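Engineer: from the sequence below, what's the structure:
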Amino acid sequence: MTTCEHFRISPQKLSEFCCSAFLRVGMNSSDSAIASDALVTTDAMGVFTHGTKLLAGYLNKLKAGGYRPTARPCIEREGLGFALIDGQNALGQVGSVFAMQTAIKKAHHVGIAYVALRHTGHIGAAGYYAALAAREGLIGLVTGNDIPSVAAPGSRRAVLGSNPIAYGIPVGNGDPILLDMATAAVAGGKVYAAIQRGEPIPPSWLIDHNGQPTSDGSLYPQAASLAPMAGHKGYAFGLWCEILSAILPGGHSTWQVGSWMFDDATVPSHHNASFIAIDIAAIVPIEQFYKRLGTLIDEIHAAATAEGIERVLLPGEREWQLYRQAHTDGIALPADVVATLSNAAKTVGLSSPFEGQASQ
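Structural biologist: Take a look at the predicted model:
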């Protein structure tokens, strides 16, 4: 397959394949559906580094026992507006949905809630969980941590993970405003994807062992680190994610977190995440909020644009457009994602959902 090839598949068919794969490694139907929806929704939004490309690695971890297919996340300690959840080394999507649902429930009672998730698997796309809150009329904020892969300004080695931060804001009848970003200059998955596709690495993505920018993607992660997003600003946000996700609730931090991709598959990765939900209606009348937000959105959309730009977009607008298009025309998956899905199929003895299909 060449780097320009794509294979189109309906979200329903892709979800069914993922569910079948998770069932093959011992997950129940409910958890399989949760994890599959998170992965396929992310693909449908065009974020292929955090969608079904992760499936093969998750299956290996689940088969080997590093992630427990039958684990049930549980609340360790809680108050009216907070909870600490032990993910029991379940798949990160399972623990994260449980944690955000807990935050939403508590926020409905007290206005705002913070929920921490410890001992969980890699959580995938943080924005998926922020959108869950937004779809229920709440503001959602999600942070996560990871094994260090991102340099700090002036460092020669990684100091923090590519710790994600995401928020979801309801707008009434439309799609939520949705931000999901790594606090690195780029997510590590994009480096791997570029290497697999034979694409060049911009020098702004990586820092070598001398603390200097490099465009040699083959150095990552053994001899290079990701650059922080926006220099010291991204570094500071990454630190904020580490504190909310791990330091505050007493979870594993920095080098205590394992690599879910490269470590022994029998060993848990001990990722962590935090989930904050704000019940808008507990603070102001919800329609009043939507009216004020609508005025702001209209102002942004009406802003004068540079040549060739139709209008200024809100965070998430492009992704929601892709999402709706995918549910009409199917998801156009890149060749590298299709290859990993074929590997996932072999891992659990299933036929590839693309068997006999030609690329487009």
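
Engineer: next, count neighbours for residue 301.
Structural biologist: By other CB atoms under 10 Å, 14 other residues sit near residue 301. Yep, even glycine has a C-beta here, placed from its N, CA and C like the rest.

Engineer: just checking, it touches residue 312?
Structural biologist: Yes: judged on CB atoms under 8 Å, residue 301 makes contact with residue 312 at a distance of 6.4 Å.

Engineer: contacts for stretch 301-308?
Structural biologist: Stretch 301-308 is contacted from outside by 311-312, 314, using CB atoms under 8 Å, 6 or more residues apart in numbering.

Engineer: just the strands in the chain please.
Structural biologist: Counting by DSSP state E, the chain has strands at residues 6-9, 74-79, 82-86, 112-120, 138-144, 150-151, 158-160, 164-169, 177-182, 206-208, 213-214, 224-226, 271-279, 331-334.

Engineer: what mean pLDDT does the fourth one get?
Structural biologist: Translated: strand 112-120. Here strand 112-120 scores 98 as its mean pLDDT.

Engineer: for the last one, same thing?
Structural biologist: Computed over strand 331-334, the mean pLDDT rounds to 96.

Engineer: can you show me the CA trace of it as PDB?
Structural biologist: In PDB, the C-alpha atoms belonging to strand 331-334 read as follows (Å, rounded to 0.1, in the frame of the first residue of the first chain):
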ATOM      1  CA  ILE A 331     -14.700   6.700   7.100                       C
ATOM      2  CA  ALA A 332     -11.800   6.900   4.700                       C
ATOM      3  CA  LEU A 333      -9.100   5.200   6.800                       C
ATOM      4  CA  PRO A 334      -5.400   5.700   5.800                       C
END
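
Engineer: from the contacts of stretch 301-308, pick the one nearest residue 83.
Structural biologist: residue 314 (30.7 Å; CB to CB).

Engineer: list the contacts of the residue minimising distance to the centre of the chain.
Structural biologist: The structure's the chain has its C-alpha centroid closest to residue 125; by CA atoms, centre = their mean the separation is 1.2 Å. Contact analysis of residue 125 by CB under 8 Å, 6+ apart lists 38, 41-42, 47, 50-51, 166, 180.

Engineer: inside helices: which ones of these?
Structural biologist: Members of the contacts of residue 125 lying in helices (criterion: DSSP state H): 38, 41-42.

Engineer: just among these, which is most surrounded?
Structural biologist: Neighbour-wise, the ones in helices among the contacts of residue 125 (other CB under 10 Å) top out at residue 38, 26 neighbours.

Engineer: could you measure from the residue lying closest to that residue once chain neighbours are set aside over to residue 44?
Structural biologist: Excluding the flanking residues, the one nearest residue 38 by CB to CB, 6 or more residues apart in numbering is residue 93, at 4.3 Å. Note on residue 93: its distance to residue 44, by CB to CB, to the nearest Å, is 15 Å.

Engineer: of those two, who's got more company?
Structural biologist: Neighbours were counted for residue 93 and for residue 44 using other CB under 10 Å; residue 93 has more, 26 against 23.

Engineer: wait, isn't that one in contact with residue 40?
Structural biologist: No: when contacts are counted by CB under 8 Å, residue 93 is not listed as touching residue 40 (11.1 Å).

Engineer: what about the closest residue to residue 23 other than its chain neighbours, neighbour count?
Structural biologist: Counting by CB to CB, 6+ apart, residue 32 is the residue found nearest to residue 23 once chain neighbours are left out, at 5.4 Å. Residues lying near residue 32 (other CB under 10 Å) number 23.

Engineer: any regions of the stretch 201-350 of the chain where pLDDT drops low?
Structural biologist: Applying pLDDT under 70 to the stretch 201-350 of the chain picks out no residues at all.

Engineer: so which residues of it form helices?
Structural biologist: Taking DSSP state H, counting those that start in this stretch to define them, one finds helices in the stretch 201-350 of the chain at 232-242, 286-301, 317-329, 335-348.

Engineer: helices or strands up against the shortest one?
Structural biologist: Spelled out, that is helix 232-242. strand 138-144, strand 150-151, strand 158-160, strand 164-169 (3 or more CB pairs under 8 Å, 6 or more residues apart in numbering; DSSP states H and E).

Engineer: what is the nearest of the ones in helices among the contacts of residue 125 to residue 174?
Structural biologist: The closest of the ones in helices among the contacts of residue 125, once distances to residue 174 are taken by CB to CB, is residue 41, at 17.2 Å.

Engineer: pLDDT score for the spatially closest residue to the closest one that is not a sequence neighbour?
Structural biologist: Leaving aside its sequence neighbours, residue 41 sits nearest to residue 128 (CB to CB, 6+ apart; 6.0 Å). pLDDT for residue 128: 98.

Engineer: how near is residue 128 to residue 135?
Structural biologist: Distance from residue 128 to residue 135, by CB to CB: 11 Å.

Engineer: one more: residue 312?
Structural biologist: Counting by CB to CB, the gap from residue 312 to residue 135 is 24 Å.

Engineer: could you chop this protein up by domain?
Structural biologist: 1-64+330-360, 70-181+232-306, 185-227 (automatic domain parsing).

Engineer: give me the longest helix you can find in the protein.
Structural biologist: Max-length helix for the chain by DSSP H is helix 92-110.
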